[in-house]
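**Q** give me coordinates for this.
(chains A and B)
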Protein chains: 2
Amino acid sequence: MSIDPNAIPIGERQVREAVERLKPWAHVTPVMTSRTLDERSGSTVFLKCENLQRVGAFKFRGAMNALLQLDEAARGRGVVTHSSGNHGQALALAGSLLGVPVTVVVPHTAPAIKQSAMNAYGATIRLCEPTLAAREAAVADEVARKGLIVIHPFDNWNVIAGQATAAWELLNQAGSLDAVVVPVGGGGLISGTAVAVKARSPQTLVIGVEPERADDARRSLASGKIEPSGDPRTIADGLRTSLGERPFAVVSRLVDRIDTASEPGIVDALRFLWERLKIVVEPSSAVVVAPLLERRIGLEGRRVGAVLSGGNVDLGPFFDALASRWL
Amino acid sequence: MSIDPNAIPIGERQVREAVERLKPWAHVTPVMTSRTLDERSGSTVFLKCENLQRVGAFKFRGAMNALLQLDEAARGRGVVTHSSGNHGQALALAGSLLGVPVTVVVPHTAPAIKQSAMNAYGATIRLCEPTLAAREAAVADEVARKGLIVIHPFDNWNVIAGQATAAWELLNQAGSLDAVVVPVGGGGLISGTAVAVKARSPQTLVIGVEPERADDARRSLASGKIEPSGDPRTIADGLRTSLGERPFAVVSRLVDRIDTASEPGIVDALRFLWERLKIVVEPSSAVVVAPLLERRIGLEGRRVGAVLSGGNVDLGPFFDALASRWL
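**A** Next up, the predicted model:
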């Protein structure tokens, strides 16, 4: 199956509706600026802090927007997804807020801490083998046996419309922008961002950034079809996924370009954001700041919005070291 | 020498003047709220994010306020202080902004990273032995030979009036508060806070929190004279100092009470602030959040302001571990 880029079913209306729908539920996250970042990048940068969104990631927007559009019968039966990361937590919280049962299929190799976070929101965890086939089989089984609705982490138009609300807010908060830069994993954020930005400000560039080691979106745009990324070894764990069909259709039509960040560049940007800006973000967020700091993105002198996608990072080793030293 | 608590020379006028004086220079830092923190503490908490102040700490307010009140001749000769921590960096930045030469006396045992941060702002570093006597001798020598003005980190009325502006802003931002909670080290922040808060809202409690292991302020208040703290072993490195004369006079007269935080409580609060609130703060800031999370401060149901004093913490080991794993 592939999606016709000329038949994208979401646009300004769906984004505006999602903004209204999410108002009682999602945070309007703050936009940070930094003199040091502006000096280093040569741009005027507006950082949309989705690390301060509920569950610590933009994913809450899409998950909540999707659940809010289910009818009563579907809400009663419940939903299922596969994600051991931010989408799983986001869906678990959204379900707990709305009283919708949530099942998350998780590879048994996933960190216990992630399972317990989803458990804390009342989600049912179904463990499976750590393969795509096992994951899909487990989801299909939940659908067949219980009639659960699948809420895919990114290949779902309602999820994409939800993610679009972050850039929509950013345009309200920062004013006119020459470019909006977002990380690219499965493509839910970049496709939502592109729909929102191009509807309101067609001349604003929409630029995706992905790790060099997980450059499937760049390769897919070049070849005109989805080029899967295998199992890339990048610190940006949220961006190891390949582009989905729906995101690919949007990206093909609306995104201006895909840049990449090296692993050392990602770590440097991560450290900059923690040490200088004093915010906890995850490596996937640092990916968009890396090419700005390195001035490899051609946006000097421009007003640039950048979406910091989330702040969920395992601080266990750091605090274990602190505790063993001090307690 | 001891200061008569009935002859405190700063009050509302000096704080208002400091607010105006600092306007072109200091950030009005944001105030954060957190549903989770409110649930855990039972209070409605407003976190004043001085970790987002310039140089990453409230100390910039006091240093800048002091430098701005020097006459031209004194500015030309320059200033000296002893501090390898936030005050040293704050004074170095303030001096570089105003063209005032800054000398910082630093024990040769201080981390190289702190010296290089001060160097980067153009300060002159004078190394000394890591003893109080050596430090004071080095400062006295700079004064005698070059006529430098000493800007003490906390025992200085203009510094205290500068620190007062954080709580002044907090009252503007959060509205009426039942209590304001701040960490206590040398006492510059708590004495400034007490002057600002009691001038505007006498019924608002001003509560200091210090590590159990560095409870010199609590002991000093109890005995009626300054009880030095030795060299306490606490993770809250900014709070190892004993209360100064001027701060002690203000604290004696205006502060309602001093509470303490255990080392495990400080580490738990630090982890909460990083993991849940996604902000990088230093252990000294976590000290004020610990008794709120533990509900040991008697402020359930109240509107509580808490000053997060700074965000300068050595992330080197964390990033070294990341780099060795990923690069």
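**Q** drop to CA atoms for contacts and neighbour counts, all remaining ones
**A** Noted.
**Q** ranges for the helices of the stretch 201-327 of chain A?
**A** A:216-223, A:245-254, A:263-275, A:283-293, A:316-326 (DSSP state H, counting those that start in this stretch).
**Q** no, scratch that, I was asking about the stretch 51-200 of chain A
**A** With DSSP H, counting those that start in this stretch as the criterion, the stretch 51-200 of chain A has helices spanning A:59-68, A:72-77, A:86-98, A:112-120, A:132-146, A:157-174, A:188-200.
**Q** my read: A:Gln14 touches A:Ala161, true?
**A** Yes - the criterion here is Cα atoms under 8 Å, and A:Gln14 meets it with A:Ala161 at 6.4 Å.
**Q** what would the helices of the stretch 51-200 of chain A look like in a markdown table with mean pLDDT and distance to B:Arg145?
**A** What follows is these, written out as a markdown table (pLDDT from 0 to 100; distance: least, Cα to Cα, whole Å):
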| stretch | mean pLDDT | distance to B:Arg145 |
| --- | --- | --- |
| helix A:59-68 | 98 | 62 |
| helix A:72-77 | 96 | 79 |
| helix A:86-98 | 97 | 61 |
| helix A:112-120 | 85 | 60 |
| helix A:132-146 | 94 | 74 |
| helix A:157-174 | 98 | 52 |
| helix A:188-200 | 98 | 62 |
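**Q** what does the stretch 51-200 of chain A put close to chain B?
**A** Within the stretch 51-200 of chain A, the residues that sit near chain B (Cα under 8 Å from any Cα of the partner chain) are A:51-52, A:56.
**Q** which residue is nearest the centroid of chain A?
**A** Taking Cα atoms, centre = their mean, the centroid of chain A lies closest to A:Leu189, which sits 5.0 Å from it.
**Q** show the contacting residues for that residue.
**A** For A:Leu189, the contact set (Cα atoms under 8 Å, 6 or more residues apart in numbering or on different chains) comprises A:154, A:160, A:163-164, A:182-183.
**Q** need these in TSV with neighbour count, can you?
**A** Converted to TSV, the contacts of A:Leu189 look like this (neighbours: other Cα atoms under 10 Å in any protein chain shown):
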residue	neighbour count
A:Phe154	26
A:Ile160	32
A:Gln163	30
A:Ala164	31
A:Val182	30
A:Pro183	30
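**Q** any chance of the residues you listed in TSV, plus distance to B:Val45?
**A** Putting the contacts of A:Leu189 into TSV (distance: Cα to Cα, whole Å) gives the following:
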residue	distance to B:Val45
A:Phe154	35
A:Ile160	34
A:Gln163	29
A:Ala164	31
A:Val182	32
A:Pro183	33
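**Q** per-residue confidence at A:Met1?
**A** With respect to pLDDT, A:Met1 scores 58.
**Q** pLDDT weak spots in chain A?
**A** Counting by pLDDT under 70, chain A contains low-confidence ranges at A:1.
**Q** now with 80, please.
**A** Applying pLDDT under 80 to chain A picks out residues A:1-2, A:84, A:111, A:113.
**Q** per-domain residue ranges of it.
**A** Per automatic domain parsing, the domain ranges recorded for chain A read A:5-57+A:156-308, A:60-150.
**Q** pick the most buried one from the ones you listed.
**A** Neighbour counts (mean count of other Cα atoms under 10 Å in any protein chain shown) averaged over each of the domains of chain A peak at domain A:5-57+A:156-308, with a mean of 21.
**Q** what about that one, start to end distance?
**A** For domain A:5-57+A:156-308, the first-to-last residue distance is 27 Å (Cα to Cα, to the nearest Å).
**Q** ok, now stretch A:166-183?
**A** Note: stretch A:166-183 ends 13 Å apart using Cα to Cα.
**Q** chain center to it, what's the gap?
**A** Here the centre of stretch A:166-183 is set off from its chain's centre by 15 Å, with Cα atoms, centre = their mean, to the nearest Å.
**Q** contacts for that stretch, please.
**A** A:15, A:28, A:31, A:46, A:48, A:50, A:58, A:189-190, A:193, A:196-197, A:203-210, A:239, A:284-285, A:287-288, A:299, A:302-309.
**Q** so is stretch A:253-263 next to chain B?
**A** Yes - applying Cα under 8 Å from any Cα, one finds stretch A:253-263 touching chain B at A:Glu263.
**Q** send me that stretch as CSV with only the CA atoms.
**A** Extracted in CSV, the C-alpha atoms of stretch A:253-263 (Å, rounded to 0.1, in the frame of the first residue of the first chain):
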residue,chain,number,x,y,z
ARG,A,253,4.9,16.7,-0.9
LEU,A,254,5.5,19.3,1.8
VAL,A,255,8.9,19.0,3.4
ASP,A,256,11.7,21.1,1.9
ARG,A,257,14.6,19.0,2.8
ILE,A,258,16.1,16.4,5.2
ASP,A,259,19.5,17.1,6.9
THR,A,260,21.5,14.8,9.1
ALA,A,261,23.5,15.0,12.3
SER,A,262,26.5,13.0,13.3
GLU,A,263,26.7,11.1,16.5
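**Q** so which residues make contact with it?
**A** For stretch A:253-263, contacts defined as Cα under 8 Å, 6+ apart pick out A:5-6, A:191, A:194-195, A:198, A:205-213, A:215, A:217-218, A:234-235, A:287-288, A:290-291, A:297, B:326-327.
**Q** could you rerun that using 6 Å?
**A** With Cα atoms under 6 Å, 6 or more residues apart in numbering or on different chains as the test, stretch A:253-263 has contacts from A:194, A:205-212, A:218.
**Q** for stretch A:62-75, same thing?
**A** Identification of contacts with stretch A:62-75 by Cα under 6 Å, 6+ apart yields A:91, A:94, A:100, A:158-159, A:162-163.
**Q** just those residues now: which is nearest chain B?
**A** A:Ala94 (15.6 Å; Cα to the nearest Cα).
**Q** contacting residues for that closest one?
**A** So A:Ala94 contacts A:Met64 (Cα under 6 Å, 6+ apart).
**Q** okay, it and B:Glu282: tell me how far apart.
**A** Distance of A:Ala94 to B:Glu282, given as Cα to Cα: 32 Å.
**Q** same check, this time on A:Glu12
**A** In terms of Cα to Cα, A:Glu12 sits 43 Å off from B:Glu282.
**Q** how far does stretch A:170-182 stretch from one end to the other?
**A** For stretch A:170-182, the end-to-end distance is 12 Å (Cα to Cα).
**Q** check stretch A:64-82 too.
**A** With Cα to Cα as the measure, stretch A:64-82 spans 16 Å from end to end.
**Q** re earlier: so which of the helices of the stretch 51-200 of chain A is nearest B:Val250?
**A** Smallest distance to B:Val250 across the helices of the stretch 51-200 of chain A (Cα to Cα): 41.8 Å, for helix A:157-174.
**Q** tell me the angle that closest one makes with helix A:245-254.
**A** 40 degrees (axes from the mean of the first three to the mean of the last three Cα atoms, to 10 degrees).
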